[in-house]
Structures are given as structure tokens and as C-alpha cells.
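Engineer: model this:
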Amino acid sequence: MRKYMGVVMLLASFVVFGIRIYDGVVINQNVTGHLKNAADANTVELAEQELTIALNYLEANGLTEGYTSILYDTPKDDISFWYRNLKASQEELRTLSTSSSLEKTNVLMKLRETLVDVGESTKVTMPRGLGRHPHNGIWAGVTTSALIALVWGLVLVLPKEAFQTESGKNKE
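Structural biologist: Coordinates of the predicted model:
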């Protein structure tokens, strides 16, 4: 019975971690990847096309307002500001069709600065936990429970001898 409970706890935790990974992949495919492409685009048209794909996904999935934080709201977790900033960038790209080459280049550079953070590595600017919004608090609890289940599942599945030290073994 002990090993059965351990296996159930391990499987439950793996399901939770699998869902979290899946959510990350979906956001990467539908938002982050397209925003990175928009930032890397060499033409205004290509940047606008990629930005529009990401914005359409955000709008279709209700990811246009709120905060991704759990305990207290911070500016970096503000989905509304981030979304409005993306929409403003899209509008600027759309109204630039007859501008000079220099102006287009400046707008593309500004777009890149808006979409990506450059530090040790380049990453897309977006609120953390966007894929779990608006249930970030629930997912924090579920993930914590899954971590506890993982540890207890390992304790129940592994033989007791795996946890004994040299001094705890019987000497014959």
C-alpha cells in the first residue's frame, strides 16, 4: 500500500509539472516566439505581422488586463500596461507605411527596445506567469502541493535502506 500511494503521488506531481511545461510551450508558440520575431524583423511589415499574431492570441484568450502577481501587484506584473504598450507599437507600425527609410529603422529599433530586455541574455519582455493568468494563485498552491507530493512520493517508493546512513545499519 505504501508503494502504491507513493506512485500515485509521483504521478500526480508529474501531471502538474507537465501541465506547467505545456502552458509555457503554448505561450512561447503563440506569444513569446512571435514577439521575438517582431523584435528581430528587418521590415516594418514583417514586424507588424508578427506583433499582430501575438496580439490576436492575447485578445482571444483574455490576456489583456490584470496582474500576474499573487501577493501584491507590481508594475512588472501589470498585463494591462504591457498589452497597451504592444498595441501602441502595433499602431505605430501601421501608420508608418509612407515614411522614410531612416524613420522606419528608428521605429524598428524602438520596437526592439520595447519587446526585448537585453542583459546577460536577450529575452522577451512580458509579465511572468502569463500562461497561468488569471489563476496564478491557484497554480502556486497546486505547484507547491506537487513538490510536496514529489518528495513524499519518493520517500514512500524508495526502499527504507536508501535513507539509512552507515552508522544506522546493523553490523554483523
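Engineer: out of everything not next to it in sequence, what's closest to T114?
Structural biologist: Of all residues not flanking T114 in the chain, S89 sits nearest, at 5.5 Å (Cβ to Cβ, 6 or more residues apart in numbering). (Each C-beta comes from the backbone N, C-alpha and C, glycine too.)
Engineer: just to be sure, the one you found is in a helix?
Structural biologist: Yes - read with DSSP: H, G, I helix; E, B strand; the rest coil, S89 is one of the residues of a helix.
Engineer: count of residues packed around it?
Structural biologist: 21 (other Cβ atoms under 10 Å).
Engineer: and for Y4?
Structural biologist: 10.
Engineer: tell me which helix or strand it sits in.
Structural biologist: Here Y4 sits within helix 2-27, counting by DSSP states H and E.
Engineer: all helices of this protein, in order?
Structural biologist: For the chain, the helices defined by DSSP state H occupy 2-27, 33-40, 44-60, 79-94, 101-115, 136-157.
Engineer: what angle sits between the fifth one and helix 79-94?
Structural biologist: Computed by axes from the mean of the first three to the mean of the last three Cα atoms, to 10 degrees, the angle separating helix 101-115 from helix 79-94 equals 170 degrees.
Engineer: how far does helix 101-115 sit from its chain's centre?
Structural biologist: 25 Å (Cα atoms, centre = their mean, to the nearest Å).
Engineer: residues contacting it, please?
Structural biologist: 35-36, 38-44, 47, 51, 85-86, 89, 92-93, 96, 99, 124-125 (Cβ atoms under 8 Å, 6 or more residues apart in numbering).
Engineer: any buried residues in that helix, and which?
Structural biologist: 104, 107-108, 111-112, 114-115 (16 or more other Cβ atoms under 10 Å).
Engineer: taking the contacts of helix 101-115, please make a ChimeraX selection of just the buried ones.
Structural biologist: Here is the ChimeraX selection string for the buried members of these, based on 16+ other Cβ under 10 Å:
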select :35,36,38,39,41,44,47,51,86,89,93,96,124,125
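Engineer: need the contact list for G137.
Structural biologist: By Cβ under 8 Å, 6+ apart, G137 lies in contact with I70.
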